[in-house]
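Novice: Below is the structure, and that's it, no one-letter string:
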């Protein structure tokens, strides 16, 4: 079966890709993408099928299909380079002041009827004190672990 997205490189694109592969100074991912495009090039004499590329370069079929698609739909730059994140990483819930509240609370006497604080009790108390709108017990655990606070 012939692939839906046909890779046809210009002489300039072929030279760029060969330069990336032969210099070996780029990221491994970029070099692999360049190799895939060179093998898939219909005018460059290779014209490998996806199956042949997978076997020759030891990459997944989905990877080859993604690279072909990216090249045909968006061009060489997009096919070679990583996609930029649309949204950044999730902002941290704890700043220094909130962390200090947590540590002070964790070091204080536990609630009536309890021998010690649990992560869930600490999370619930921080919400009661209106320090957070919501916070998970896992976030509490990670924060206390980071501060190396030992409750036991």
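Specialist: Yep, it's here. Just so we're clear, the structure is a prediction, and the values are computed from it rather than from any experiment.
Novice: what residues does the helix or strand of the chain with the lowest mean pLDDT touch?
Specialist: In the chain, no helix or strand scores lower on mean pLDDT, DSSP states H and E than helix 76-80, which sits at a mean of 88. Helix 76-80 has contacts (CB atoms under 8 Å, 6 or more residues apart in numbering) with 13, 16-17, 20, 30, 33-34, 37, 67, 70-71. From N, CA and C alone the C-beta is placed, and that goes for glycine too.
Novice: for stretch 43-55, same thing?
Specialist: Residues outside stretch 43-55 that contact it (CB under 8 Å, 6+ apart): 1-3, 8-9, 14, 36, 38-41, 56, 59-61, 64-65, 68.
Novice: can you tell me the average pLDDT over that stretch?
Specialist: Stretch 43-55 comes out with an average pLDDT of 83.
Novice: buried stuff in that stretch?
Specialist: Using 16 or more other CB atoms under 10 Å as the burial criterion, the residues of stretch 43-55 that qualify are 44, 46, 48, 50, 53-54.
Novice: got a list of what residue 64 touches?
Specialist: Residues near residue 64 by CB under 8 Å, 6+ apart: 36, 40, 50, 53-54.
Novice: And these, which is closest to residue 93?
Specialist: Comparing the contacts of residue 64 against residue 93 with CB to CB picks out residue 36 as the nearest, at 41.0 Å.
Novice: would you say the closest one is within a strand?
Specialist: No: residue assignment for residue 36, taken from DSSP: H, G, I helix; E, B strand; the rest coil, gives helix, which places it outside any strand.
Novice: list the contacts for it?
Specialist: Contacts were defined as CB under 8 Å, 6+ apart; by that measure residue 36 touches 53, 57, 59, 63-64, 67-68.
Novice: farthest pair in those?
Specialist: 57 and 68 (13.2 Å).
Novice: Same drill for the two, tell me which one is more crowded.
Specialist: Neighbours per residue, other CB atoms under 10 Å: of residue 57 and residue 68, the larger number sits with residue 68, 21 against 15.
Novice: On the pLDDT front, check the more buried one for me.
Specialist: We have a pLDDT of 90 for residue 68.
Novice: Then the one 3 residues further on?
Specialist: As summarised for this prediction, residue 71 has a pLDDT of 90.
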